[in-house]
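In: quick one: sequence plus predicted model below, questions after.
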Amino acid sequence: MYALLRHYQLSRSAAYFGGIVFAFSGYLLSVSNMNTSLSSVIWLPLILIFYDKLINKTGSYSREFIILCFLFALMFLGGEPTIFYVTIWFLIFYALIFSVKRMQSLGMLFLMVLISLGIIAVQLIPFIELIKLSDRVVRTQYELVSFSSFPPREILNFIFPYFFGNPSKFGNYTVALLGETYQGWLISPYFGILPLVFIFFSFRDKKRSIFLAVAAVAALFLAFGRYTPLYRFLYQFVPGISMIRYPVKYLFLATFCASMLSAIGFEELLKIIGQTKERLKTIISVLISTALILALFFLAGYFYAQKIYDFLAQKYAHAIPAYFFELLARIIQFNLQSLFNIIAYLLTLALIIWLSYRSRISKSVFIGAILLVTIADLFSAGSSITVGAAAKVFAKTPENYSILQKDKGLYRFFYTPEVEKQNQFIYGDTYLDALWNVKDNFAANWHIPYHFYDFYGYESIRPWALNEFWREHFSAEKFRNNLKYLDKFNVKYVISQEPLAFPWLKLLRHKHKYAVDIYLYENGRALPRAYLLNQGRVSIESYRPGEIKIKVMARSPDALFLSEAYYPGWKAYVDGKEQTIARAEELFCKIPVAAGRHEVKFIYDPLSFKVGAGISIFSLLLSAFCLLKWGGQRELNP
């Protein structure tokens, strides 16, 4: 961001200010634990630098062209297609507004995107293959796509951090208080009080500032999702919208534009201080007047806090636990503290400007004071977002894991739908205790470093067949009647919140903590990972990612069942001869084997990867050719 603002000829101080605001904004801190979003959005400032150079350059711009191809590729490889998609739309409108040769700029943009997708085809083609087999294509109903929209009332969170509660704190942001108007994806959109104030100074640079403001507002309305009729229209008629879930993600563009506007506004304030000091009187008066008005609200809230609590409490059913009423009281107190902080920041800004107006401080001291106040504001609001945990939570092995580690065989574990739902919440005396507890309760993906195999797990893109099989057979009301499937699917351990009274299930441990029961059972009927459907012996000699070697002794012509996902790209060889893999039990694989001894090998050798690799190599060679051919020419026509 600093480099982008310097590219737009802002001073170092303003560029540094904008960089701090963007880097430590609530949005970027909120996605700091979501590497896909963070790894994609960080490329946006650099992309805009080179795109602005490209569309306004009169000489050779093959260098910018090729660099942008690779930057687009890196943004997509970051892992969040939403950011890539919205960035392309942003650049289209940017070219229409700021480019002299609009059609040429749009043509180059199209070509750059095409080449960048070619460069990453080695990952893109397998990704498309996965998408086609996932619930992202099949389940595109409006209700699913618009899930986790940003409620309009949460605009208050741009001014009051955590006005409706802090999702990073235990239970501090809950359906019990917020009802269905709820999103839990973004912890906070807050990017500071002073940056928000400086936005109002930014419109002296009218064309660019108005464009950024319109883009920010448009992104905000997109983030509203299902709360506006506009989104349903876009869902129906704009290609790509129906494939994107969580409209709240669009706020990355609003944060980006607002950060730029705040830096532009800060630059304008520095000019006012250096040239037209008389305007500072008006600014100081407005800041003090606003602070005094807010102070009246603060005093009213402070002295009538109990009445405010009583008024809000009566809106809820008295049947909800007392904890939530205590939480409501804490949220009210926190918002009063936030209001007090806003007043303090406004008065501090007024004081700093007044000192500059009276020539009591130098310009460098003024800049330093503004930066310190902004950093303090962002730190106090953002420190609770990125909550760290001691390394021992990840390194130490919980008791339930220790039980599974004693079994050196190849097996899967399975948790009931109730356990999966319960593990979406964490409980504990401290954050450390809560993480340790949920890890011991087999929360999804904690088990991966231990090389345990989970039947279902958690992933952003779920295979449609597995998702539907789970819904059809393992819903809460159907689970007990479908335990037979677990035997076939190599499920040796079952985790439940309720006792399971079946003779073949042996209770290994019962844990009761934080009002939650966890039962760990061993399934005595679990079948091996690979077995013959009739009679014979099967032993897995090697089990590695992408390759499985099996020895088979079949007494008669038979079928070998392998409980690995039936997925394009897997090939089976019996004694070196390829065999067709058939789908078994809706999800898994089987192949025919003749009577006798055989060596069977399953290899993951997908055509999608080979095709993608070929396209990537061609695109890289094409990029090198373009650079060599047009590197010294004045224009590059699409």
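Out: Right, received. Where do you want to start?
In: contacting residues around Leu222?
Out: With contacts defined as Cβ atoms under 8 Å, 6 or more residues apart in numbering, Leu222 is in contact with Val86, Tyr231, Leu234, Pro247, Tyr250. No exception for glycine: its C-beta is placed from N, CA and C like everyone else's.
In: cool, and Ile244?
Out: Ile244 neighbours (Cβ under 8 Å, 6+ apart): Pro81, Thr82, Tyr85, Val145.
In: OK, contacts around the first one?
Out: Think Pro81. Contact analysis of Pro81 by Cβ under 8 Å, 6+ apart lists Met243, Ile244.
In: got it, and Trp446?
Out: Counted by Cβ under 8 Å, 6+ apart, Trp446 has contacts Val438, Lys439.
In: where's it relative to Ala390, distance?
Out: For Trp446, the distance to Ala390 equals 15 Å [Cβ to Cβ, to the nearest Å].
In: please apply the same query to Ala317.
Out: For Ala317 relative to Ala390 (Cβ to Cβ), the value is 39 Å.
In: higher neighbour count, those two?
Out: More crowded of Ala317 and Ala390, by other Cβ atoms under 10 Å: Ala390, with 12 against 6.
In: pretty sure the more buried one contacts Thr430?
Out: No - Ala390 lies out of contact with Thr430 (Cβ atoms under 8 Å); the separation is 10.2 Å.
In: so Ile603, which of the three states?
Out: strand (DSSP: H, G, I helix; E, B strand; the rest coil).
In: what about it, distance to Tyr543?
Out: Relative to Tyr543, Ile603 is positioned 13 Å away (Cβ to Cβ).
In: circling back: restricted to buried residues, select the contacts of Leu222 in ChimeraX.
Out: Of those, the buried ones can be selected in ChimeraX as follows, counting by 16 or more other Cβ atoms under 10 Å:
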select :86,231,234,247,250
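In: which members of the contacts of Leu222 occur in helices, if any?
Out: Among the contacts of Leu222, the residues falling in helices (DSSP state H) are Val86, Tyr231, Leu234.
In: out of these, who's nearest Arg480?
Out: Set against Arg480, the nearest of these by Cβ to Cβ is Tyr231 (40.8 Å).
In: and the closest one, what does it touch?
Out: Tyr231 makes contact with Ser146, Ser149, Phe221, Leu222, Phe224, Gly225, Ile241, Pro247, according to Cβ under 8 Å, 6+ apart.
In: apart from its chain neighbours, what residue comes closest to the last one?
Out: For Pro247, ignoring the flanking residues on the chain, the nearest one in space by Cβ to Cβ, 6 or more residues apart in numbering is Gly225 at 3.2 Å.
In: pick out the lowest-pLDDT one from the contacts of Ile244.
Out: Lowest pLDDT among those: Val145, with 81.
In: just to revisit the earlier point, the residue nearest to Pro247: neighbouring residues, count only.
Out: For Gly225, the count of nearby residues is 28 (other Cβ under 10 Å).
In: now the one helix or strand Ala465 maps to: mean pLDDT?
Out: Assigned by DSSP states H and E, Ala465 belongs to helix 464-473. Across helix 464-473, pLDDT averages out at 83.
In: just the C-alpha atoms of it, please, in PDB.
Out: The C-alpha coordinates for helix 464-473 follow below in PDB (Å, rounded to 0.1, in the frame of the first residue of the first chain):
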ATOM      1  CA  TRP A 464     -20.900 -33.600  -3.600                       C
ATOM      2  CA  ALA A 465     -21.200 -37.400  -3.300                       C
ATOM      3  CA  LEU A 466     -19.700 -37.400   0.200                       C
ATOM      4  CA  ASN A 467     -21.800 -34.500   1.400                       C
ATOM      5  CA  GLU A 468     -25.000 -36.100   0.200                       C
ATOM      6  CA  PHE A 469     -24.100 -39.500   1.600                       C
ATOM      7  CA  TRP A 470     -23.500 -37.800   5.000                       C
ATOM      8  CA  ARG A 471     -26.800 -36.000   4.900                       C
ATOM      9  CA  GLU A 472     -28.700 -39.000   3.700                       C
ATOM     10  CA  HIS A 473     -27.300 -41.600   6.200                       C
END
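In: quick one: the helix or strand following that helix to chain centroid distance?
Out: Proceeding N to C from helix 464-473, the next assigned helix or strand is helix 484-488, under DSSP H and E. Centroid separation for helix 484-488 versus its chain: 34 Å, with Cα atoms, centre = their mean, to the nearest Å.
In: again, but for stretch 318-336
Out: The chain centroid and the centroid of stretch 318-336 are separated by 29 Å, computed with Cα atoms, centre = their mean.
In: same thing with stretch 114-129?
Out: Relative to its chain's centre, stretch 114-129 lies at 21 Å (Cα atoms, centre = their mean).
In: output that stretch as PDB, nothing but the C-alphas.
Out: This file holds the C-alpha atoms of stretch 114-129, laid out as PDB (Å, rounded to 0.1, in the frame of the first residue of the first chain):
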ATOM      1  CA  LEU A 114      -6.200 -15.100 -19.900                       C
ATOM      2  CA  ILE A 115      -2.400 -15.600 -19.800                       C
ATOM      3  CA  SER A 116      -2.300 -15.600 -16.000                       C
ATOM      4  CA  LEU A 117      -5.000 -18.300 -15.900                       C
ATOM      5  CA  GLY A 118      -2.800 -20.200 -18.400                       C
ATOM      6  CA  ILE A 119       0.200 -19.800 -16.100                       C
ATOM      7  CA  ILE A 120      -1.700 -21.400 -13.200                       C
ATOM      8  CA  ALA A 121      -3.500 -24.000 -15.300                       C
ATOM      9  CA  VAL A 122      -1.500 -26.700 -13.600                       C
ATOM     10  CA  GLN A 123      -3.500 -25.900 -10.500                       C
ATOM     11  CA  LEU A 124      -6.600 -24.300 -12.200                       C
ATOM     12  CA  ILE A 125      -7.600 -27.300 -14.300                       C
ATOM     13  CA  PRO A 126      -7.600 -29.800 -11.300                       C
ATOM     14  CA  PHE A 127      -9.400 -27.100  -9.300                       C
ATOM     15  CA  ILE A 128     -12.100 -26.900 -11.900                       C
ATOM     16  CA  GLU A 129     -12.400 -30.600 -11.900                       C
END
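In: quick one: mean pLDDT over it.
Out: Here the average pLDDT along stretch 114-129 is 94.
In: buried sites along that stretch?
Out: Result for stretch 114-129 [16+ other Cβ under 10 Å]: buried residues 115-127, 129.
In: now those as JSON lines including distance to Lys577 and secondary structure?
Out: Converted to JSON lines, the buried residues of stretch 114-129 look like this (distance: Cβ to Cβ, whole Å; DSSP: H, G, I helix; E, B strand; the rest coil):
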{"residue": "Ile115", "distance to Lys577": "42", "secondary structure": "helix"}
{"residue": "Ser116", "distance to Lys577": "42", "secondary structure": "helix"}
{"residue": "Leu117", "distance to Lys577": "38", "secondary structure": "helix"}
{"residue": "Gly118", "distance to Lys577": "36", "secondary structure": "helix"}
{"residue": "Ile119", "distance to Lys577": "38", "secondary structure": "helix"}
{"residue": "Ile120", "distance to Lys577": "36", "secondary structure": "coil"}
{"residue": "Ala121", "distance to Lys577": "32", "secondary structure": "helix"}
{"residue": "Val122", "distance to Lys577": "30", "secondary structure": "helix"}
{"residue": "Gln123", "distance to Lys577": "32", "secondary structure": "helix"}
{"residue": "Leu124", "distance to Lys577": "33", "secondary structure": "helix"}
{"residue": "Ile125", "distance to Lys577": "28", "secondary structure": "helix"}
{"residue": "Pro126", "distance to Lys577": "27", "secondary structure": "helix"}
{"residue": "Phe127", "distance to Lys577": "32", "secondary structure": "helix"}
{"residue": "Glu129", "distance to Lys577": "26", "secondary structure": "helix"}
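In: could you identify the most distant pair in these?
Out: Ile115 and Glu129 (21.4 Å).
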